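Student: Please work out how this folds:
(2 chains)
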Amino acid sequence: MADEKKKTINRLKSMYPLRAKVNETYLKSVEAIQAGKPAVWAMLNFYYGDPVLKAMDVEVVYPENYGAIAAAMGVAREYLDRADAEGFPTHLCGYSLTTLGYASRMMKELKGQIPPEAPLGGMPKPLFLMSSAAICDARYKWFQALGRYMDAPVWPLEAPIPGIKEFFIEGYYGRMVKLGVKHLRDFVAFVEKMVGKKMDWDKLDKTANLMIEVNRVWHEINELRKVNPCPMHSRDFWSAMPAALFLAGDLEDSLRLYQDMYKEVKDRVNSHIGAVPNEKYRLVFAELPPWHSLSFFDKLAERGWNFVIESFGYHPPIPLDLSKVSDPLERITKFSLQFLVGYYEDARKQNVLGGTSAYPYLKYAKEWKCDGAILHPLISCRSASTHLPYVSDMLMEKLKVPSLSIEGDIVDLRLFNPEDALAKAEPFEESMEHYRKVRKQEGLDW
Amino acid sequence: MSDKSKGLNKAREIYSNNSQRARELKAAGKKIIGYPCVYVPLELLTALDLVPYRTCGDIKEPVTEADRALPHSFCPIMRNCLDCALKGKNDFLDGMVTIHSCDPQEKTARIWESYTNYPYFHFIDMPVTVRPEALEYFKSQLNDFRKTLEAFTGKKLPKDKLEAAIKSYNQQRTLVRELYELTKPSPPRISGTEIVQVVKALTSLPVSEGNDLLTEVIGEVKSRTDVPEKKLTRLLIWSSTLDDADIMQVFEDKANVVMNESCGGIRAYRAAVKSTYDPLEGLASYYLNEITCARTFRQATPGETGKDYARDLQSRFGYLKGIIRDWKISGAVMLLVRYCDPFAFEMPSLKDYFDSIGVPSTYIEYDYTTGALAPLRTRAEAFLETISQ
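Tutor: Residues are numbered from 1 along each chain as shown, chains lettered A, B, ... in the order given. Prediction:
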């Protein structure tokens, strides 16, 4: 029994209060609506619109995140079936179908009341919707499609996505910033109208700074994971990320909690304590995890597999000194752009032109010294899957790091087969062992 | 015996072998630039004496090479286009211009650039809204595009040449609209299948040659006696891309498709580039505002703080009302290419819109392969039977 315990993932104690932020957010939004306060539905927007909403005391829920929760708690099926019956093609993003089915049930059947079966208190009817053009088309088209069910206006946040080469054309970055600042200024005016109060610019300034600091500390925590043995497993990353990524909960509290986490991870580094006892293999995971089957990672941990880095889209931007930028909207814009373009200079040097989503994995595998990559293509999330074959090619070609592809989905639990995946573990270990030798022969240092 | 070098026959020939002219021009010393989407402003290429060539897919070509670069559950058109490129079918290209018109285009652009080695490759970013700041950003994107083309060709782009190119493309847009006027009579004077062939031919030719072809086709169609057979239903097909004659023929076996509202039909030709002091301004406005692809986020009033579903539908689909009236449409097919998210999200709302104006409609999905033809036929026939009763 004691042996068995040793083999499981050694979770960070400091992770638990950060994970609790998600539940808090949903409950707060329901309470807010009951108290007559505004709540909105938002897409993950990479630090762009969130600080504005935060500074305006608007409670925010994220249907993407809620889709994952609904799937994990087994209620998504009903919403998926309802969206299907409403005429939405079944191959659309599973999160979007869950939300559309949920909205249909709430608005058409329950006249605006939260469905009783909805987990975590449900998502209340929003004052407005904040969508985002970042990452994929679904993330703005889906909120537009919600117009069938609710009269909430939509603000689609622009999100420029430059090519690697193109980004280095003279003046390009400045033009992205100009677009971002003007767009955000108009968004502030929109929120002011919707909420019926003026922006407190000092509060926005403070919120922006806290957001940047929270994410800097979060970045530093992940830098500590480069050591061997890695002190923090991907499961802790995914559990702790919402406070930094979605700005879930109070930011000052979040900053304190991430600082606590930094200390705990640093202590583990100093004491050579790994997240997995007897770390044999260091792995990178791309992209979205199988939320509904996370215990799969415990089984792999028993084999000495430590997931040391993961999910580029969930990672904080590479820190950038923005202390001299006086306009909070410009600071927010630059911080948000950094999420993507922070990798571009390196990607260009490496001539990785598919760099927007693919290059970070090259950096991860090299700097976190990974033996292998687990790729998780998702049937209904094409944006998180399209670059994976290229990632696999690139890791092998440039670093001699092998990949294992395990198909799944974000909400359709039937598409991920943990037993089948586990059966591939042993042959993949042989592959990782082989390429360790190849890397050594080629002068790579791990 | 008909003259194969003219009019509809010529369009059919070019459609069947659409890279032939580009290859000839390449052999004569011209530089050929590929593009996968109608959002790429071809005027800039033409003004610099480059020949644009649309890199289409081919439903008869099984995707094999693209399997190593793109997942299966991904836009089948982009997979097919990339597959053709990886098989060397576009080996005459000197470059590619890609654009962020949708997520699959953006994602494929990265892969395409990584797996090929053209002397020139450029990606144009494109906003999703039509807000003023988005337009300004898009104009700056076109200016960057101009700079990279100037660097590639070693030539400066004079304003008068760009204006002349805009004029030529506007003429092409006018001629295509004129061609579509010929589908208004009953029976139409030209079939939907023939128009697919003509439009695909246009995207394979320099603009001046395309305009000459259109002039010939229009003259021939106006005077022809062998017009298409009159069918019970006059169909509108709304799709992202319908650029294959075999697919169109599935519908035309039982109906007259008098309007193809896709980028293989009228979509890129319904409006014109306005004359502006800075030609890039007119181009940016046209390409961002006027092309009615589902990829653009439209709303009744930009930044609106209230929402009214009927007004919302009008802002997104209202342009179809005039088409339905003027072309006497009796049924509409919402033809979805599988995994096309921007169009897929529109389906229930567009159905609501068609219902609101009393047009029977159906949603049919296919995967851009010949294997899709039989099920497509079954669905099309079932719909046509239903609405003819």
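Student: secondary structure class for residue 108?
Tutor: Just so you know, I chose chain A. helix (DSSP: H, G, I helix; E, B strand; the rest coil).
Student: Number of residues surrounding the nearest residue to it once chain neighbours are set aside?
Tutor: Nearest-residue entry for A:K108: A:Y149, 6.6 Å, with adjacent residues in sequence omitted and distances by C-beta to C-beta, 6 or more residues apart in numbering or on different chains. For the C-beta atoms, the positions are set from N, CA and C on the backbone; glycine is no exception. Counted by other C-beta atoms under 10 Å in any protein chain shown, the residues lying close to A:Y149 total 21.
Student: Just to check, A:Y149 is in contact with A:Y102?
Tutor: No. The pair A:Y149 / A:Y102 is not scored as a contact, 9.2 Å apart, by C-beta atoms under 8 Å.
Student: which bits of the stretch 1-150 of chain A sit near chain B?
Tutor: Within the stretch 1-150 of chain A, the positions adjacent to chain B are A:86-89, A:91-93, A:96, A:128, A:133, A:135-138, A:140-142, A:144-145, A:147-148, A:150 by C-beta under 8 Å from any C-beta of the partner chain.
Student: so of these, which ones are in strands?
Tutor: With strands defined by DSSP state E, no entry of these lies inside them.
Student: ok, the residue nearest to A:K108 to B:L157 distance?
Tutor: Per C-beta to C-beta, to the nearest Å, A:Y149 is found 49 Å from B:L157.
Student: Show the pLDDT at A:D409.
Tutor: As summarised for this prediction, A:D409 has a pLDDT of 84.
Student: Not counting sequence-adjacent ones, nearest residue to it?
Tutor: In space, not counting the residues next to it along the chain, A:D409 is nearest to A:L415; the distance is 4.1 Å by C-beta to C-beta, 6+ apart.
Student: What is the neighbour count of the one you found?
Tutor: Number of residues near A:L415 (other C-beta under 10 Å) recorded here: 15.
Student: which parts of the helix or strand hosting B:L214 are buried?
Tutor: When elements are defined using DSSP states H and E, B:L214 is found to belong to helix B:207-223. Of the residues in helix B:207-223, those scored as buried under the neighbour-count criterion (16 or more other C-beta atoms under 10 Å in any protein chain shown) are B:V207, B:E209, B:G210, B:N211, B:L213, B:L214, B:E216, B:V217, B:I218, B:E220, B:V221.
Student: closest to chain A among those residues?
Tutor: B:V207 (25.6 Å; C-beta to the nearest C-beta).
Student: so who does the spatially closest residue to that closest one that is not a sequence neighbour touch?
Tutor: Nearest-residue entry for B:V207: B:S168, 4.6 Å, with adjacent residues in sequence omitted and distances by C-beta to C-beta, 6+ apart. Shown here is B:S168, whose contacts under the criterion C-beta atoms under 8 Å, 6 or more residues apart in numbering or on different chains are B:T46, B:V207, B:S208, B:N211.
Student: again with A:F167
Tutor: If you count contacts by C-beta under 8 Å, 6+ apart, A:F167 has them with A:Y173, A:V341, A:Y344.
Student: Show the buried residues in these.
Tutor: Here the buried ones among those, as counted with 16+ other C-beta under 10 Å, turn out to be A:Y173, A:V341, A:Y344.
Student: element containing the first one, please.
Tutor: Using DSSP H and E, A:Y173 sits within helix A:172-195.
Student: Okay, angle between whatever helix or strand comes next after that helix and helix A:172-195 too, please.
Tutor: Past helix A:172-195, further along toward the C-terminus, the next helix or strand under DSSP H and E is helix A:201-223. When axes from the mean of the first three to the mean of the last three C-alpha atoms, to 10 degrees is applied, the directions of helix A:201-223 and helix A:172-195 differ by 120 degrees.
Student: buried stuff in helix A:201-223?
Tutor: Along helix A:201-223, these residues count as buried under the neighbour rule (16+ other C-beta under 10 Å): A:204-222.
Student: Show me how far that helix is from its chain's centre.
Tutor: The chain centroid and the centroid of helix A:201-223 are separated by 16 Å under C-alpha atoms, centre = their mean, to the nearest Å.
Student: Please save the CA atoms from that helix in CSV.
Tutor: Listed next in CSV are the C-alpha coordinates belonging to helix A:201-223 (Å, rounded to 0.1, in the frame of the first residue of the first chain):
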residue,chain,number,x,y,z
TRP,A,201,-9.0,54.1,-14.3
ASP,A,202,-6.9,53.8,-11.2
LYS,A,203,-8.5,50.5,-10.5
LEU,A,204,-7.8,49.3,-14.0
ASP,A,205,-4.2,50.4,-13.7
LYS,A,206,-3.9,48.4,-10.5
THR,A,207,-5.7,45.4,-12.0
ALA,A,208,-3.4,45.4,-15.0
ASN,A,209,-0.3,45.5,-12.8
LEU,A,210,-1.7,42.7,-10.6
MET,A,211,-2.5,40.6,-13.6
ILE,A,212,1.0,41.0,-15.0
GLU,A,213,2.6,40.2,-11.6
VAL,A,214,0.4,37.2,-11.1
ASN,A,215,1.5,35.8,-14.5
ARG,A,216,5.1,36.7,-13.9
VAL,A,217,5.2,34.6,-10.7
TRP,A,218,3.3,31.8,-12.5
HIS,A,219,5.9,31.9,-15.2
GLU,A,220,8.7,31.7,-12.7
ILE,A,221,7.0,28.7,-11.1
ASN,A,222,7.0,26.9,-14.4
GLU,A,223,10.7,27.8,-15.0
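Student: Which secondary structure elements does that helix sit against?
Tutor: helix A:50-55, helix A:242-245, helix A:251-270, helix A:328-341 (3 or more C-beta pairs under 8 Å, 6 or more residues apart in numbering or on different chains; DSSP states H and E).
Student: Let me know the average pLDDT across the longest one.
Tutor: This predicted structure assigns helix A:251-270 an average pLDDT of 98.
Student: Got the confidence number for the closest residue to B:D243 other than its chain neighbours?
Tutor: Sequence neighbours aside, B:G264 is the residue nearest to B:D243 in space, at 3.1 Å (criterion: C-beta to C-beta, 6+ apart). Reading off the confidence values, B:G264 has pLDDT 96.
Student: show me what contacts B:G264?
Tutor: Neighbour list for B:G264: B:V196, B:V199, B:K200, B:S239, B:T241, B:L242, B:D243, B:D244 [criterion: C-beta under 8 Å, 6+ apart].
Student: again, only using 10 Å
Tutor: By C-beta atoms under 10 Å, 6 or more residues apart in numbering or on different chains, the contact set of B:G264 is B:38, B:54, B:56, B:195-196, B:199-200, B:203, B:237, B:239-245, B:247-248.
Student: A:P289 now?
Tutor: When contacts are counted by C-beta under 10 Å, 6+ apart, A:P289 is found next to A:68, A:234-235, A:237-238, A:296-297, A:307, A:310-311, A:314, A:374, A:376, A:408, A:410, A:416.
Student: returning to what we had before: for my notes, please list the buried residues of helix B:207-223 in TSV and give distance to A:L18 and pLDDT for each entry.
Tutor: Supplementary listing: the buried residues of helix B:207-223 in TSV, determined by distance: C-beta to C-beta, whole Å; pLDDT from 0 to 100:
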residue	distance to A:L18	pLDDT
B:V207	59	98
B:E209	64	98
B:G210	60	98
B:N211	63	98
B:L213	64	98
B:L214	63	98
B:E216	69	98
B:V217	66	98
B:I218	67	98
B:E220	71	98
B:V221	68	98
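Student: where does B:A332 land in three-state SS?
Tutor: Reducing the assignment to helix, strand or coil with three-state DSSP, the entry for B:A332 is strand.
Student: Quick check: the gap between it and B:G358.
Tutor: In this structure, B:A332 and B:G358 are separated by 11 Å, where distance is defined by C-beta to C-beta.
Student: Neighbour count: those two, which is higher?
Tutor: Here B:A332 and B:G358 are compared on neighbour count by other C-beta under 10 Å; more neighbours surround B:A332, at 27 against 7.
Student: For the more buried one, give the beta-bridge partners.
Tutor: With beta bridges defined as DSSP bridges, B:A332 has these partners: B:L236, B:S361.
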